[in-house]
Each structure stands twice: as C-alpha cells, then as structure tokens.
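1. Provided below are the primary sequence and the corresponding predicted coordinates.
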Amino acid sequence: MRPFAIPLLVLALAGSALTGCHRPRFDTPVDAYRSFHRLVQRGELAQAYDVLSTPTREALARRAHALAEASGGSVKDDPVALFFSNVSRPADVSEVTLAGEQGDAATLHVVSSGAARTVRMVREPSGWRVDLSEVLKP
C-alpha cells in the first residue's frame, strides 16, 4: 500500500465513524429521544416529526387540517409547521434516563436547563417514538 493511502484510509474510516454517531437510532427509548432532540437542535424538523408516535402525528394532522379549514385556507394545512412553529433551538439535555418501561411503553426522566420533565415513549414497528398523544387530547 502506498504511504499516502494509509492517511486517506484512516480519514475515511474516522469520517464514517463520526457520521454514524449522528444517525437517528430507535433501538431504545433513550436513543430515540436523543435522536429526536438532536434533529430538532439541527433544525431537521421533518425528520424530527417522523420520530413522533403515530397517534401524535395523527392528532397534529387533525389539528392542522381543522385550523386550515377554519382559516379559509389562510393557514397552511401543515402539521410539521404547526408543531414546530415558534420553537427556538432547544437547550442541551444534560440527562436522559429510563424511569420505567412496561411492554411497548416507557417513561423517560429528562433534565434540560436544570428543569426535569417526564417524556412518554412508545414502541412502534419502526422503533421507539416520542408520544405526546395524551398532551394533545382536547
């Protein structure tokens, strides 16, 4: 192998390892939440929206459609824009721990900016998802 090829190989392997660290993961509730948070921080809102549970996305789609109809079309029927409107870049999360897991549901303890909150997660066929369906009920 030529001497200049070795540094190129090392750079290529390091680059693929680094980019692999930011690939969304849904194997565990903690991984899925961290992926969601990272996507929102980077402004990748459509991808972050996909990390929401199916019931959460369905509830947001219904609300976006109702708002669009009530506004006579002046408000766009866009659940992604509805969910992330007026959202600034979230603060870094200092701690995400599994508080409990039962079957296809889990509860996380999330600490950000010194404030703690509980986040519900659900397991779907595609992996763990952030579930806000209870919060969105009318």
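-> Looks like it came in fine. Numbers count the residues shown, from 1 in each chain.
2. kindly check the end-to-end length of stretch 102-119 for me.
-> Taking C-alpha to C-alpha, to the nearest Å, stretch 102-119 runs 14 Å from one end to the other.
3. in it, what counts as buried?
-> 106, 108, 110, 119 (16 or more other C-beta atoms under 10 Å). Placement of C-beta: from N, CA and C, glycine included.
4. what sits up against that stretch?
-> 29-30, 33, 90-101, 120-124, 128, 130-131 (C-beta atoms under 8 Å, 6 or more residues apart in numbering).
5. correct me, but Leu45 touches Phe84?
-> Yes - at 4.8 Å, Leu45 and Phe84 qualify as touching, with contact defined as C-beta atoms under 8 Å.
6. mind checking how far the helix or strand in which Trp128 is found is from the chain centre?
-> Assessed by DSSP states H and E, Trp128 sits inside strand 127-130. In terms of C-alpha atoms, centre = their mean, to the nearest Å, the gap separating the centre of strand 127-130 from the centre of its chain is 8 Å.
7. elements contacting that strand?
-> Judged by 3 or more C-beta pairs under 8 Å, 6 or more residues apart in numbering; DSSP states H and E, strand 127-130 is in contact with helix 29-41, helix 54-70, strand 115-124.
8. quick one: mean pLDDT over that strand.
-> Averaged across strand 127-130, pLDDT comes to 96.
9. residue ranges with poor pLDDT in the chain?
-> 1-23 (pLDDT under 70).
10. and the most centrally placed residue in the chain, how far from Ala66?
-> Taking C-alpha atoms, centre = their mean, the centroid of the chain lies closest to Phe36, which sits 1.9 Å from it. Using C-beta to C-beta, to the nearest Å, Phe36 is found at 25 Å from Ala66.
11. quick revisit: doesn't Tyr49 make contact with the residue nearest to the centre of the chain?
-> No - using C-beta under 8 Å, Phe36 is not in contact with Tyr49, being 9.4 Å away.
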